[in-house]
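Asker: What follows is a protein structure lacking sequence information:
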């Protein structure tokens, strides 16, 4: 199955990260020899499953950087990531977009085509509206020792969320409001759990909440069938949003040459 993909590259660089990387756009922060988005784009382009790619962000800067490659399109970012995704989806509608879209941010420069392909392959035998990768603490710490992540203790283990997802194009409009709320709470597990009710919160507190229970409650509350995919690739989750992350990226990617 072929997939169209969206890279959300409209994030503004701010806070402590901007103090050591003075670029207005996160996508343009230099890591080693290239801007951050270059690592994401190259890995996505090397995936065997990807057809069209739409990048939502500062159009002129991104076009000057990446050129006019085949099946590559640009669109202005929206006021938030949800609006940016909607803008990108409208571009793809003009090209008979695939039923499922792969969506990822620009701040995951560690991502590889192998991690992308593995995630896609794990979703292909399943039916859901949205697929979301998670990785265990053990996987993350084995690959990136000492990396700081937000973890959630579930019955099956301790997990951190990934930073890409596959979704059915038909649910984009339906999911906009709840997506904004989830994104706003994404780094506060207890606040996120409150969306799904008292029982879910209690199970989470006592570490007996399972991935299947979470998926079931997600569908009951939101009306969208979600599926968590346990990935063995730490690269799907580690992002660059603080100085220590950028230092890690420079360490691992500083010598990369495309």
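Answerer: Sure, I can see it. The structure displayed is predicted, hence computed values, not measured ones.
Asker: any idea of the mean pLDDT for stretch 250-258?
Answerer: Averaging pLDDT along stretch 250-258 yields 89.
Asker: now the end-to-end length of that stretch.
Answerer: End-to-end distance for stretch 250-258: 16 Å, by CA to CA, to the nearest Å.
Asker: What are the contacting residues of stretch 42-51?
Answerer: 1-5, 7, 53, 69, 71, 98, 102, 104, 111-113, 115-117, 120, 258 (CB atoms under 8 Å, 6 or more residues apart in numbering). C-betas here are computed from N, CA, C, even on glycine.
Asker: low-confidence ranges in this protein?
Answerer: Within the chain, the segments meeting pLDDT under 70 span 175-208.
Asker: what ranges do the helices span in it?
Answerer: For the chain, helices defined by DSSP state H occupy the ranges 15-20, 36-45, 59-66, 81-93, 113-123, 137-143, 176-184, 189-194, 198-205, 211-222, 243-253.
Asker: ok now the longest one, how far from the chain's centre?
Answerer: In other words, helix 81-93. Relative to its parent chain, helix 81-93 has a centroid offset of 15 Å by CA atoms, centre = their mean, to the nearest Å.
Asker: Start at 567, not 1
Answerer: Noted, 567 is the first residue going forward, which turns the last one into helix 647-659.
Asker: Please identify the buried residues of that helix?
Answerer: 647, 648, 649, 650, 651, 652, 653, 654, 655, 657, 658 (16 or more other CB atoms under 10 Å).
Asker: does the nearest residue to residue 715 once chain neighbours are set aside have beta-bridge partners, and which?
Answerer: Nearest residue to residue 715, sequence neighbours excluded (CB to CB, 6 or more residues apart in numbering): residue 726, at 4.4 Å. When bridges are called by DSSP bridges, residue 726 pairs up with residue 701.
Asker: Throw the helices of the chain into a markdown table and include distance to residue 802, thanks.
Answerer: Formatted as a markdown table, the helices of the chain follow (distance: least, CB to CB, whole Å):
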| stretch | distance to residue 802 |
| --- | --- |
| helix 581-586 | 21 |
| helix 602-611 | 11 |
| helix 625-632 | 22 |
| helix 647-659 | 17 |
| helix 679-689 | 5 |
| helix 703-709 | 10 |
| helix 742-750 | 17 |
| helix 755-760 | 18 |
| helix 764-771 | 22 |
| helix 777-788 | 16 |
| helix 809-819 | 15 |
